[in-house]
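[1] With the sequence up front, the predicted model follows.
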Amino acid sequence: MRTIGLSLLALLSTPLAAEVKVLSDATMQTTACAYGRGSVAVSSARALAAVELAAFIKGNKILAITDNKTTVETSLSKKNASLYEQQRSYLLEGLNMDAIPLSTSSPTLSGNDTCVTVSLSLKDLAEPTSQGWEEDTQNISVTVSGEGWPKNGRSARHYAEMDALQRAVSQVVGVWLTQQHSQSSQLNLQVLNDDETTQMQEIIGQQLSSHSEGLVKEWQTLDSKAMDNHGLQVTVHAVVEKSPLVQQASQLLSVIGSPRVKVVAPEPLKTELTLWLSEQGVEVANTASLVVLADAALANTGETSRLHLSVNVQDLSGNIYGAWKNNPALLALPHSQRVEQDLMSVHLAHEQQARNLKQSLQKAFTQVVARGGLVRQIWLPQSKIKQPEKLQALLSTLGGVSDVSIEQKDKNIVASLRFKGATGELADAINQALTTRNSGLSAISIENDFTLRYR
């Protein structure tokens, strides 16, 4: 979604100069402009510059110093040339995901446009990590320990090995996120400090490690040691596949960074908020699992009005993940027919207000992932389920599924659950698990992002 956003910005913006210069210290620099004034125009111009830098890097495998339109024959230092070649794929991916640190100059005005000069310095990138995350390798090997105790008819060794495999996945997730963070202090998001970065690593690692069986290619038990209360500690050497891990971790980051939401609010707030969310890279749709529920109320005092805004992020089951309220004391306007819309526009454009709202939304989206993903409902005809009493336990065994609950509605069994992946992936997993035990079920259909139904 972020790449699409950059493309739209490119259509709406006019570059002052599409040329990318390479300075003697290997800094890549370009200037871009966007129509309008203020922070939105600056962000648009910066995004357009990122597109230009990505296009330049894609077309230039080797850097050459440039001065205006003349190429200087002087070679870059071997260190800078080597660093650029090793990090080139990371640079491209990072620019497309807005995950690369870019230096932006103070904006200047050119007619109706706002222009900025954006620089990408290799000095801001860390040296290639020594933690084993090499671009040309397909797997990462780690040695970890796990602990377990016998329960539910399974041995301590079983739970100890499962614990070790989950730790292996979590450790590799940490390596990948650290590599990402070495490229950007934002970690694909607006992470404010090291504490939030650590929290993000723990959330992603925990969510992926909960179904490690799809990520661990092979493993071997190296040692075991008895523990108190019939427990066992094992040391395991595991090989974790990078490709599916990166894919799943990126999906979780995407859910946090720019999910699809439905806006429920009275007009004109709905239109104003929808426009603001679109500018932030959040996709707004008529049907979505997450609802941005907003309200506005005018407070009239004498001849002026102030506006109270509230925004909640919740799912269709009513679970609230985050909330925000504006500071109505910031502004009062004289009564008029447009006073409500004018106050909304000003509050959403106010830098501090907009920053607080954006942070509240990001924390809410992070909470969705931390709790195990979005809530989905699966509707099944009661007459076609042979053993409904085992349905909850069966669904709970599916990778990535948590918080399963079952209820009956009319002649249907409705299973509500959390799933951290895409709805299509969930449909495939459920179909494989249920149709082998209930041959009378028809093909599962996806009604929308949050409802799957068997006929």
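    Okay, I see it.
[2] Can you show me the strands along the stretch 101-250 of the chain?
    Under the criterion DSSP state E, counting those that start in this stretch, the stretch 101-250 of the chain contains strands at 103-104, 108-110, 113-120, 139-148, 216-227, 231-241.
[3] Any idea which of those gets closest to residue 359?
    Between residue 359 and those, the shortest separation by CB to CB is 20.0 Å, and it involves strand 103-104. Bear in mind the C-beta positions are built from the backbone N, C-alpha and C, glycine included.
[4] Pull up the pairing partners for that closest one, direction included.
    strand 113-120 (antiparallel) (DSSP bridges).
[5] For the strand it pairs with, what does the pLDDT average out to?
    Strand 113-120 shows a mean pLDDT of 91.
[6] buried ones in that strand?
    By neighbour count on 16 or more other CB atoms under 10 Å, the buried set for strand 113-120 is 113, 114, 115, 116, 117, 118, 119, 120.
[7] cool, and stretch 272-292?
    Applying 16+ other CB under 10 Å to stretch 272-292 flags 272-274, 276-277, 279, 281-282, 284, 288-292 as buried.
[8] Mind checking which of those are in helices?
    Applying DSSP state H to these, the entries found in helices are 272, 273, 274, 276, 277, 279.
[9] Now tabulate the residues you listed in CSV and tack on distance to residue 57 and pLDDT.
    CSV is the format used below for those (distance: CB to CB, whole Å; pLDDT from 0 to 100):
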residue, distance to residue 57, pLDDT
272, 37, 89
273, 36, 91
274, 34, 92
276, 31, 88
277, 30, 88
279, 26, 82
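[10] what's the closest of the residues you listed to residue 207?
    Residue 207 has its nearest neighbour among those in residue 277, at 24.7 Å by CB to CB.
[11] which non-adjacent residue is nearest that closest one?
    Spatially, and ignoring its direct neighbours in sequence, residue 277 is nearest to residue 284 (5.5 Å; CB to CB, 6 or more residues apart in numbering).
[12] Distance check, that neighbour against residue 318.
    20 Å (CB to CB, to the nearest Å).
[13] for residue 449, same thing?
    Going from residue 449 to residue 318 by CB to CB gives 17 Å.
[14] higher neighbour count, these two?
    residue 449 (20 against 8; other CB atoms under 10 Å).
[15] Now that one: phi and psi?
    Phi and psi for residue 449, reported as degrees, to the nearest 10, are phi -60, psi -20.
[16] Can you show me the strands along the stretch 251-400 of the chain?
    For the stretch 251-400 of the chain, the strands defined by DSSP E, counting those that start in this stretch cover 260-264, 283-284, 290-301, 304-315, 320-325, 333-334, 374-381.
[17] quick revisit: from the buried residues of strand 113-120, which single one is nearest residue 339?
    residue 114 (28.1 Å).
[18] Can you report how many residues lie near the nearest residue to that closest one once chain neighbours are set aside?
    If you skip the residues right next to it in sequence, residue 114 has residue 41 as its closest partner in space, 3.9 Å away by CB to CB, 6+ apart. As a burial measure, residue 41 scores 21 neighbours (other CB under 10 Å).
[19] Now residue 41: which helix or strand?
    helix 38-59 (DSSP states H and E).
[20] avg pLDDT for that helix?
    Mean per-residue pLDDT for helix 38-59: 81.
[21] If you count neighbours, what's buried in it?
    In helix 38-59, counting by 16+ other CB under 10 Å, buried: 40-57.
[22] rewinding a little: could I get the strands of the stretch 251-400 of the chain in JSON lines, plus columns for distance to residue 66 and mean pLDDT?
    JSON lines is the format used below for the strands of the stretch 251-400 of the chain (distance: least, CB to CB, whole Å; pLDDT from 0 to 100):
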{"stretch": "strand 260-264", "distance to residue 66": "42", "mean pLDDT": "91"}
{"stretch": "strand 283-284", "distance to residue 66": "38", "mean pLDDT": "88"}
{"stretch": "strand 290-301", "distance to residue 66": "46", "mean pLDDT": "93"}
{"stretch": "strand 304-315", "distance to residue 66": "46", "mean pLDDT": "94"}
{"stretch": "strand 320-325", "distance to residue 66": "46", "mean pLDDT": "94"}
{"stretch": "strand 333-334", "distance to residue 66": "51", "mean pLDDT": "92"}
{"stretch": "strand 374-381", "distance to residue 66": "47", "mean pLDDT": "89"}
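[23] deepest of those, which one?
    Looking across the strands of the stretch 251-400 of the chain with neighbours counted as mean count of other CB atoms under 10 Å, the highest average goes to strand 374-381: a mean of 21.
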